[in-house]
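Trainee: Following is a predicted model, sequence given first.
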Amino acid sequence: MLKLYGSTTSPFVRRIRIWLANTQHEFVNLQIFAEQDREALIVKNPTMKIPMLEDEMDGKSQVIYDSRVIYRYLTDKFADPALSWEQENQLTLIDSANDSLVQMFILSNSDIQADEDKLFFKLQKERVNAVLVQLNEQVDSGLFSSWNYPSVCLYCLIDWIEFRKLHNMQGLTSLLEFHDENSQRIEVTATDPR
Ligand SMILES: N[C@@H](CCC(=O)N[C@@H](CS)C(=O)NCC(=O)O)C(=O)O
């Protein structure tokens, strides 16, 4: 039995929820900043980040951290084809923007305002801008035209940016069109954090 631990708002969790839409699994919804859930999480996962997957089979339990590794575990378990190097790079682009935005989101929830003169914010802003421009070009060239795992991850990133109002998406028209085109999928609406 597959158990996915996460939250309903995390873009990293949502990609796995969407990917598992047609696979039987249990979703354990955690409040990762609440004391009780932190205590439960740390026992199994000292990184204290979500998603985390637990696979129980033949009386044994396998815990997997990190969405990227979870995807690889599922690929292996269900004998799905591995990602190409181009797709791995797409994931790295998506993850790097996603990580920078998560860090800045946590800082803003800590009442630390983004000051673009400060090195930390300058680095994250530059990365997010450059990555989104590159992803916009890739969508434009048709590299995200099938609904595969990188497309799911890209959708979750863009939708989270819009949901949390994290970046001005004006001008990134291919990304916005990609978002619109996929927004009515059943697994997408079923995992909408709003
Ligand atoms: N590389 C990780 C990133 C996961 C991640 O950053 N998750 C966020 C939620 S969106 C988290 O758990 N943050 C908790 C923290 O930073 O303390 C993955 O792909 O799973």
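Mentor: Good, I have the coordinates.

Trainee: Only C-alpha atoms from now on, for both contacts and neighbour counts.
Mentor: OK.

Trainee: And the one helix or strand in the chain whose mean pLDDT sits lowest, what's buried?
Mentor: Each helix and strand of the chain was given a mean pLDDT (mean pLDDT, DSSP states H and E); the minimum falls on helix 35-44 at a mean of 94. Using 16 or more other CA atoms under 10 Å as the test for burial, helix 35-44 gives 38, 41.

Trainee: do the helix or strand containing Glu162 and the ligand meet?
Mentor: Using DSSP states H and E, Glu162 sits within helix 149-164. No: for helix 149-164, no contact with the ligand is found by CA under 6 Å from any ligand atom; the gap never falls below 9.6 Å.

Trainee: Mind listing residues that contact that helix?
Mentor: Identification of contacts with helix 149-164 by CA atoms under 8 Å, 6 or more residues apart in numbering yields 9-12, 14-15, 18-19, 87, 90-91, 94, 98, 144-145, 167, 175-176, 178-179, 182, 194.

Trainee: And the next helix or strand past that helix?
Mentor: The helix or strand immediately downstream of helix 149-164 is helix 173-182, counting by DSSP H and E.

Trainee: Could you list every helix and strand that that next one packs against?
Mentor: Helices and strands touching helix 173-182, as assessed by 3 or more CA pairs under 8 Å, 6 or more residues apart in numbering; DSSP states H and E, comprise helix 119-140, helix 149-164.

Trainee: C-alpha coordinates for it, PDB please?
Mentor: Output in PDB follows, covering the C-alpha atoms of helix 173-182 (Å, rounded to 0.1, in the frame of the first residue of the first chain):
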ATOM      1  CA  THR A 173       2.300  34.100 -22.500                       C
ATOM      2  CA  SER A 174       3.200  30.500 -23.400                       C
ATOM      3  CA  LEU A 175       3.400  29.500 -19.800                       C
ATOM      4  CA  LEU A 176       0.000  31.200 -19.100                       C
ATOM      5  CA  GLU A 177      -1.500  29.400 -22.100                       C
ATOM      6  CA  PHE A 178       0.000  26.100 -21.000                       C
ATOM      7  CA  HIS A 179      -1.600  26.700 -17.600                       C
ATOM      8  CA  ASP A 180      -5.000  27.500 -19.100                       C
ATOM      9  CA  GLU A 181      -4.900  24.500 -21.400                       C
ATOM     10  CA  ASN A 182      -4.400  22.000 -18.600                       C
END
